[in-house]
Structures are given as C-alpha cells and as structure tokens.
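In: No sequence on hand, only this structure:
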C-alpha cells in the first residue's frame, strides 16, 4: 500500500514509500488544551494605511519581483558594510511606508521592529533615526507577524493611533552570523534555504481606509527535536501546524474559509511537510496555501528550497499579498510567519531548534 | 502515555519522516565533480612543478615543490578575491577544499569577510575561524604520530 505525499510546487501527487507513512502515524493526542484561546479578536481592527517593500537585485529577478516597490541594485547600497546596507534598507522601507500614507515620523506613536542580527542592531539604529518610542522584538523570521499582532492589539485597545511595524534581513549579514564567510567555497545540502535580502514596513492606524487586521494568533514554542541548522523548513513546519490548528480551533473555521493561507519561509520542503502534518490532523491545505519562501525565488536561481529570513515574508506580504488584498482578488488572508529561535551556539551545544509561528488575519 | 514518552516517540517519528522526505545529493555526481576538480588542481600543480624544474634546473626537488605550493596558494587567494572560488567550491566539494587551495580559500575568505571589523578585531582574530580546527588537529595528530614512531622505532624522523 502506498501513501500519497503532496509535493507543493505543481500541486501534483507522487507516490512515496511506506517509511514516510509509518513515520507520520503519530500517537493520538489533542494538540491543544481545550478552553484557552491563542487568538485575540480585535474590537477596533486597525487598518494598514501605508506599506513599503525593498528587495535586493536577486529577489527582484524572482517570480514576485515586479510587485516590490523598490529594487536595490547594489547589495551593499554603496555603504562600507553589509550591516549598514541592511539598516539602510530598513530605513528606506520605513520612509517609503510613511510617504505612501502621507504621514511624518512625528505622527507615529510607536515603532515596533526586529531583525536577525545579534541584539537586533539594524532595527535599533533605524529607531535612532526616527526618534519615536521604540519596541524591539525578536522572533526570527516571524518578526513581522509578531510586530503586527502586538501593534494591532495596542491600537485596538485604544492606547495608540499609529504604529509602524518593520523588519529587514540581508543575505550577507545572515551568512556571516549563522554560517560561513561569503567567499568560502562550501557546499550546501539540497534542503538548505537562502536568506532573502529585503525589508518591509507596514503602517497601522486606528482610522483610515485599507486592509484590516481582524485577529491575531500568538504561537507557542514548538520543538520536534530537529537540530539540523540547514533544514529550517522541517524544523519550523510543526510550529506553523500548531498555530494554524489553534486558529482553526479558536475561530471554528477551516482552511477553505480563507482565500489564502500564507506561511513565512518554510520553503518548498517545509511547506510540503506542513501539508502532510495538516492532512494528518484532518485539514487539507489546498491550492489556497502558499509559502513566501518558495515564492520569492524561481528554480533557475539555485536557491535550493527557497528563501528564508524575516525580510522574506515581510517584503512579499507588503507587496504582492497586500496588493492583491487591496484590489479585491482576495478578501481574507491568514498570514502565519514562522521563526526558528536557535542560535548557532545553542545548536553546536547539542540543543534542538525551538520554533514559533505567530499569525494575523488580514481582511478587506 | 506520559508526556515525555509521547514527545520522544513523536520526535523520533518526525525525524524518520523528515529523513524520508528531505532530498539528498546524488553521490555519483558529487564524487565525479570532486574527483575531476581535485584532479585538475593536482594536475596543474604537477604541471607547474615540471615547468619550474625546466626553468630552474639548479633547484632541489624540495624547493620546487615549495614554490609550486606557493603558486597554487596565490592562485587560490586570487580566485577567492575575485569571487570565483566559492563557485568552484559549490561544485567541487571535497575536491576543492582538500587540496592546499581549499585551505588558502578558507583563510582568505574569512580575512576578507571580517575586514569590516578592522585589522585587529576583524581580520586578525577571525582569519583562523575556519582553518583553526585543521591546524589544531594537524599539530595534535602529527605529534601523536611522531611519538608513536619514537616508541616503535626508537628514533625521530625517517
């Protein structure tokens, strides 16, 4: 007897071996304790009044390249270091978002941002330029969805009027921090991913027209015991599953009730695994499920399983997804970014990779 | 089933599943690539050695192999600086990092990468970050080999 495994790319089905099937038969246990809701529903849903995405040259050549607001030709942005380039990119995204909403930095009440670098330096340096109250958050690649969730909750509660959420990642800075020098000739396994050089900024407001954020699902840290630094998709897929299950349980909905379900940067392998995990829990993710990581590069760009990094989903959501929401192609989108919360140190010390997934529901 | 046992079996099953679905590299292709790239490096080395022997017939064999290694190292560093060696390395695997050229690439790439933190705290500190293990293990295991030689044959050297 063969099991049908879904291969996300072209949505065809291929036969796989029995080993995979045996491995999937988890012991039965309810995924979440009943009663506690992970989802908060906003009484006064905040609106997205401004947004901007900045992407690198390589990302600009990808399938969603034409949707990005600004493509940077020079990966170093004519700066001395890549770190400075990342911070420049983040600042460009923030300024662009403010321009698109026609507001000044002084009109914004709070700036929530994070990035992949140690001590989230890019975000803090950007906050230095803005000189408005700043909340630094770290949730690896799910930084944008976490900051959107926090910002939305604060606006809905009435404490703030305008909140800027932003994040950025850069291939060169992430490589140097998590892996090897750029010019070092090493091989990557075929299940590796490529850190996206991009930044995204979203401006939330209590009033105005635009896409609304109606609810947010805060994720739990999920660890299925993987410790391969190169196989991020397999590590993060269970976290995405956990949060999606929480969403479906808390809202009483199923995958078909969303025009689109997007995950952050699981990559091709990770999104295939998520489909399998979800099917096992009784939810079939169909054509309406996509992953930003597998969307951002095409096959010829040799980026293995696709993109990763916080800029990945931040740039795709702020361009392609919100464009399609604004023009009416979609009316309800679940955006669940996933983050791997390890450091290279903890992995060398034999620790497994804890992962998290925060999500928000974007509605027209 | 208790919580711990549940997590353990779940993780084991997940690991098995991930192994089954993750793509793997084709060993034949990797072997082929590393053999021809490694072989080509050695071929160039031998050619250089013969060339030096022809131009400077008065030099000893040892000296010629030294100069050949120096030339290969310089070439590898030049290719690293120009941004070609990582492309070779992606193809060649062990064929490109095992020869002396791979060592040169590992050192020069780290030196270039961390130049942004300055000469002392960047380049000088981080230059050995990749090749450090090679040097440490080289020294330790050659010491062990030398001691074994001393114990078995009662003398150092050949």
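Out: On my side now, so go ahead. Bear in mind that the values here come from a model prediction, so they are computed numbers and not experimental data.
In: Spell out which residues sit in contact with residue B:103, please.
Out: By C-beta atoms under 8 Å, 6 or more residues apart in numbering or on different chains, the contact list for residue B:103 reads B:73, B:97, B:131, B:134. The C-beta positions use only the backbone N, C-alpha and C, and glycine is treated the same way.
In: Just the buried subset of those, please.
Out: B:73, B:97, B:131 (16 or more other C-beta atoms under 10 Å in any protein chain shown).
In: Please list which of those also come close to chain A.
Out: residue B:97 (C-beta under 8 Å from any C-beta of the partner chain).
In: between the buried ones among the contacts of residue B:103, which is closest to residue A:122?
Out: The closest of these to residue A:122 turns out to be residue B:131 (C-beta to C-beta; 29.8 Å).
In: I'd like the distance between the residue of chain A found nearest chain B and residue B:87.
Out: Relative to chain B, the nearest point of chain A is residue A:185 (1.8 Å; C-beta to the nearest C-beta). Using C-beta to C-beta, to the nearest Å, we find residue A:185 at a distance of 8 Å from residue B:87.
In: who's more crowded, those two?
Out: residue A:185 (25 against 13; other C-beta atoms under 10 Å in any protein chain shown).
In: Please verify my assumption that residue A:331 contacts residue A:259.
Out: Yes - if you go by C-beta atoms under 8 Å, residue A:331 and residue A:259 touch, sitting 5.8 Å apart.
In: quick one: which of the two has more around it?
Out: Using other C-beta under 10 Å as the criterion, residue A:331 and residue A:259 rank with residue A:259 on top: 17 against 14.
In: Now do the phi/psi pair for the more buried one.
Out: The phi/psi pair for residue A:259 (degrees, to the nearest 10) reads phi -70, psi -30.
In: re the thing from before, closest one of the contacts of residue B:103 to chain A?
Out: Nearest to chain A among the contacts of residue B:103, counting by C-beta to the nearest C-beta, is residue B:97 at 6.4 Å.
In: OK, contacts around the closest one?
Out: Per C-beta under 8 Å, 6+ apart, neighbours of residue B:97: A:185-186, B:89, B:103, B:105-106.
In: Check residue A:110 too.
Out: A:132-135, A:151, A:154, A:160, A:162-164.
In: Recalculate using a threshold of 6 Å.
Out: A:133, A:160, A:163 (C-beta atoms under 6 Å, 6 or more residues apart in numbering or on different chains).
In: residues near the second one, how many?
Out: Meaning residue A:160. Counted by other C-beta under 10 Å, the residues lying close to residue A:160 total 18.
In: List the contacts of the closest residue to it other than its chain neighbours.
Out: Leaving aside its chain neighbours, residue A:160 sits nearest to residue A:109 (4.2 Å; criterion: C-beta to C-beta, 6 or more residues apart in numbering or on different chains). For residue A:109, the contacting residues are A:160-162, by C-beta under 6 Å, 6+ apart.
In: And residue A:52, by the same measure?
Out: Neighbouring residues of residue A:52 by C-beta under 6 Å, 6+ apart: A:69, A:93, A:96-97, A:201.
In: Same check on residue B:76?
Out: B:101, B:104-105.
In: let's see it at 8 Å
Out: The contact partners of residue B:76, by C-beta under 8 Å, 6+ apart, come to B:85, B:100-102, B:104-105, B:108.
In: pLDDT, secondary structure and neighbour count added to these, as JSON lines?
Out: Putting those into JSON lines (pLDDT from 0 to 100; DSSP: H, G, I helix; E, B strand; the rest coil; neighbours: other C-beta atoms under 10 Å in any protein chain shown) gives the following:
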{"residue": "B:85", "pLDDT": "90", "secondary structure": "helix", "neighbour count": "28"}
{"residue": "B:100", "pLDDT": "88", "secondary structure": "helix", "neighbour count": "15"}
{"residue": "B:101", "pLDDT": "90", "secondary structure": "helix", "neighbour count": "29"}
{"residue": "B:102", "pLDDT": "91", "secondary structure": "helix", "neighbour count": "27"}
{"residue": "B:104", "pLDDT": "93", "secondary structure": "helix", "neighbour count": "22"}
{"residue": "B:105", "pLDDT": "92", "secondary structure": "helix", "neighbour count": "29"}
{"residue": "B:108", "pLDDT": "93", "secondary structure": "helix", "neighbour count": "22"}
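In: could you pick out which of the residues you listed are near chain A?
Out: For chain A, the contacts drawn from the contacts of residue B:76 by C-beta under 8 Å from any C-beta are B:85, B:102, B:105, B:108.
In: The first one against residue A:182, yeah?
Out: No - with contact defined as C-beta under 8 Å, residue B:85 and residue A:182 do not form a contacting pair (10.9 Å).
In: Overlap in contacts, the two.
Out: Common neighbours of residue B:85 and residue A:182 (criterion: C-beta under 8 Å, 6+ apart): residue B:109.
In: all helices of chain B, in order?
Out: B:3-21, B:27-55, B:61-82, B:85-92, B:94-97, B:100-113, B:125-126, B:132-153 (DSSP state H).
In: And the contacts of the shortest one?
Out: Think helix B:125-126. Residues outside helix B:125-126 that contact it (C-beta under 8 Å, 6+ apart): B:110-111, B:113-114, B:117.
In: which residue packs closest to the residue of chain A closest to chain B, ignoring adjacent ones?
Out: The spatial neighbour of residue A:185 that comes closest, neighbours along the chain excluded (C-beta to C-beta, 6+ apart), is residue B:89 at 1.8 Å.
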